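Enquirer: Got a sequence here, can you build the structure:
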Amino acid sequence: MKSYIFLLLILFSNILHSTIIVEGKINKKIIYKWQNIEYALEFTGDAGTFKVEGLNENAISDFEVINKRIESELSDKESQSPISKYRIFYTLKPIGKGKLKIPELEARYYEIINDINSLANLIPHEEIMQEYRIRVFSYPFLIATIVECLIIFLIVFFVYRAIKSQRT
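Expert: Model (predicted):
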């Protein structure tokens with residue numbers, strides 16, 4: 001019985017207060033040293049109920065943040081309340097090579113609560129984003145890969161010529 005009451009309380013608290021969904025994604029897990037990664041952070045929730053702050057950029061030690069771009073979108077549905085989507089795109093440049101990581105980061109936002117006594121209260125929230133491991137290759141790896149492909153191509157070419165010469 002206690003668990004049903006607890007579930008009802010959670011259900012009603014989500015109905016009374018807005019729910020904000022936060023997602024973080026990267027576009028690549030394997031890159032070369034001269035390439036960049038784009039880390040996208042997306043906040044989705046009821047329009048006008050939250051204010052986005054973003055990530056603590058200083059916590060990303062293996063990468064340098066070289067660009068930050070913010071996009072917002074408002075979807076107005078007739079049957080439901082409008083939904084806001086905020087996307088923050090971080091362009092990250094690797095500092096070193098090898099196995100680098102983007103650690104667990106805190107995505108920060110403020111929930112806006114309208115109170116009778118004051119205009120608005122901002123309540124801080126943090127969501128933990130998952131850690132990503134990125135493999136960064138350098139020039140020697142690229143040269144070794146090209147040489148390996150050339151060797152395989154030459155082996156296939158010489159095998160083809162040997163088979164063709166045996167047939168004639």
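Enquirer: export stretch 134-147 as PDB, just CAs?
Expert: In PDB, the C-alpha atoms belonging to stretch 134-147 read as follows (Å, rounded to 0.1, in the frame of the first residue of the first chain):
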ATOM      1  CA  ILE A 134      37.100   8.800 -27.800                       C
ATOM      2  CA  ARG A 135      39.900   7.200 -29.700                       C
ATOM      3  CA  VAL A 136      42.200   9.800 -31.300                       C
ATOM      4  CA  PHE A 137      44.600   8.700 -34.000                       C
ATOM      5  CA  SER A 138      47.700  10.700 -35.200                       C
ATOM      6  CA  TYR A 139      49.600  10.900 -38.500                       C
ATOM      7  CA  PRO A 140      51.700   7.700 -38.100                       C
ATOM      8  CA  PHE A 141      48.500   5.700 -37.800                       C
ATOM      9  CA  LEU A 142      47.100   7.200 -41.000                       C
ATOM     10  CA  ILE A 143      50.400   6.500 -42.900                       C
ATOM     11  CA  ALA A 144      50.400   2.900 -41.600                       C
ATOM     12  CA  THR A 145      46.800   2.400 -42.700                       C
ATOM     13  CA  ILE A 146      47.600   3.800 -46.200                       C
ATOM     14  CA  VAL A 147      50.700   1.600 -46.500                       C
END
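Enquirer: So what's the gap between it and the chain middle?
Expert: 25 Å (CA atoms, centre = their mean, to the nearest Å).
Enquirer: any idea of the mean pLDDT in that stretch?
Expert: On average, the pLDDT along stretch 134-147 is 80.
Enquirer: With stretch 159-168 instead?
Expert: When pLDDT is averaged along stretch 159-168, the result is 88.
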